[in-house]
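Give the three-dimensional model of this entry:
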Amino acid sequence: MLVNLNEVLKPAQKRGYAVGLFNTTDSDMLEAAIDAAEEERSPIIVGTAEVLLPYGELSLIAPGIIAAAKRATVPVVVHFDHGLSFDRCMEALKLGFSSVMFDGSLGKPEDNIAATREVVRIAHAMGATVEAEIGHVGNVGVTGDADRYTTVEEAVNFADATGIDALAIAIGTAHGAYKTKPKLDLERLSEIRAALDVPLVLHGGSGLSDNDFRDTIKRGIAKINIFTDLCLAGTRAMAEGFEAGEDYLTIRNHKMSVIKEEVIKKIRLFGSCGKA
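All right, here's what the predicted structure looks like:
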């Protein structure tokens, strides 16, 4: 069933587990993710990100993602992740996405607030939810630059000024594969959670340790983004198939099976199994 972020994150925040966002650039990844969620009876968030559109154009993949969500037997949020432009966020909403993330974190704070507020106004009128980001989640490795981390004051002021439904915060994670061990500021996370009632989001989840995930969830993270780990699992499965001399469709099915296993692993780790 197609739902928005509020319908899966508010229960997660209240009950102390997290729901995974699994970006799915094609129908293989999409099928694997939703099959995993149904098998585990878990709510799930699927979708794509603006940076991933060269690998699956929005207007092409949106109908399949939305149709899969509607026919699923568990709650499925269709989310446009890291929308860097107002126009792309509006396109996702018009195509039927039930949630969007507007990411203006690299711009001036006042511009981020103004643009996010407008996206929230339109999305809420359409029954959709909005995630935003303040601070800055790194792109390669971990710099440990605490000046880019989200502060309590920033989080509270931003949420109050925009009316967002979820907030991605920077506490030391990074997008992509980690080159060094991340340095998570868990105390900062606890402080933000104590001051803010809006569900908190952890980006750059792929590559963190199981204990890292448990610690962040225990301290208030309700949504965790995963993509790189799915790609690594799929790449490994294809390499195994090529090495074994398998045909294309056999390799495809093996790839789906391995990606599904990775999603199941994360669902169980996040504690959302049996919560649908």
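
Now do the strands in the stretch 1-150 of the chain.
2-3, 19-23, 44-49, 76-83, 99-102, 129-134 (DSSP state E, counting those that start in this stretch).

hey, which of those is tucked in deepest?
Among the strands of the stretch 1-150 of the chain, the stretch with the highest mean neighbour count (mean count of other CB atoms under 10 Å) is strand 99-102, at a mean of 29. (C-beta placed from N, C-alpha, C; glycine too.)

dump the residue contacts of residue 111.
Applying CB atoms under 8 Å, 6 or more residues apart in numbering to residue 111 gives the contacts residue 104.

Can you give me the distance of it to residue 2?
For residue 111, the distance to residue 2 (CB to CB, to the nearest Å) stands at 32 Å.

Please apply the same query to residue 77.
8 Å.

And for residue 14?
22 Å.

Same check on residue 27?
17 Å.

all helices of this structure, in order?
Secondary structure of the chain (DSSP state H): helices located at 5-15, 27-40, 58-71, 86-95, 109-125, 152-162, 186-195, 210-218, 228-243, 248-270.

Could you export these as CSV, including distance to residue 174?
Formatted as CSV, the helices of the chain follow (distance: least, CB to CB, whole Å):
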stretch, distance to residue 174
helix 5-15, 23
helix 27-40, 22
helix 58-71, 25
helix 86-95, 23
helix 109-125, 20
helix 152-162, 19
helix 186-195, 16
helix 210-218, 12
helix 228-243, 10
helix 248-270, 18
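
looking at those helices, which is buried most?
Mean neighbour counts for those (mean count of other CB under 10 Å) peak at helix 27-40, with a mean of 21.

hmm, who's touching it?
With CB under 8 Å, 6+ apart as the criterion, helix 27-40 contacts 22-24, 42-44, 46, 61, 64-65, 68-69, 72-74, 76, 230, 234, 252, 255-257, 259-261, 263-264, 267-268, 272-274, 276.

any weak-confidence spans in the chain?
Across the chain, the ranges flagged by pLDDT under 70 are 136-147, 175-182.

returning to what we had before: just tell me which of the strands of the stretch 1-150 of the chain ends up closest to residue 239.
Residue 239 lies closest to strand 19-23 among the strands of the stretch 1-150 of the chain, at 21.2 Å (CB to CB).

Which strands and helices lie in contact with the closest one?
helix 5-15, helix 27-40, strand 44-49, strand 76-83, strand 221-226, helix 248-270 (3 or more CB pairs under 8 Å, 6 or more residues apart in numbering; DSSP states H and E).

ok, residue 83 touching residue 92?
Yes - with contacts counted by CB atoms under 8 Å, residue 83 reaches residue 92, the gap being 6.7 Å.

Can you check which residues contact both of the two?
Common neighbours of residue 83 and residue 92 (CB under 8 Å, 6+ apart) are residue 100.

right, and residue 70 touches residue 63 too?
No - between residue 70 and residue 63 there is no contact under CB under 8 Å: 10.6 Å.

before we move on, the earlier item: as TSV, the strands of the stretch 1-150 of the chain with distance to residue 211 would be great.
Output for the strands of the stretch 1-150 of the chain, formatted as TSV (distance: least, CB to CB, whole Å):
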stretch	distance to residue 211
strand 2-3	30
strand 19-23	17
strand 44-49	23
strand 76-83	25
strand 99-102	27
strand 129-134	24
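
Of all those, which one is nearest residue 241?
Using CB to CB, the strands of the stretch 1-150 of the chain put strand 19-23 closest to residue 241, at 21.7 Å.

Can you check what angle separates the closest one from helix 210-218?
Between strand 19-23 and helix 210-218, the angle comes out at 120 degrees (axes from the mean of the first three to the mean of the last three CA atoms, to 10 degrees).

Quick check: neighbours of strand 19-23 in the sheet, parallel or antiparallel?
According to DSSP bridges, strand 19-23 forms sheet pairs with strand 44-49 (parallel), strand 221-226 (parallel).

hmm, back to that, dump the helices and strands packed on strand 19-23 into a markdown table; add distance to residue 173 as well.
A markdown table is the format used below for the helices and strands packed on strand 19-23 (distance: least, CB to CB, whole Å):
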| stretch | distance to residue 173 |
| --- | --- |
| helix 5-15 | 18 |
| helix 27-40 | 21 |
| strand 44-49 | 15 |
| strand 76-83 | 14 |
| strand 221-226 | 9 |
| helix 248-270 | 15 |
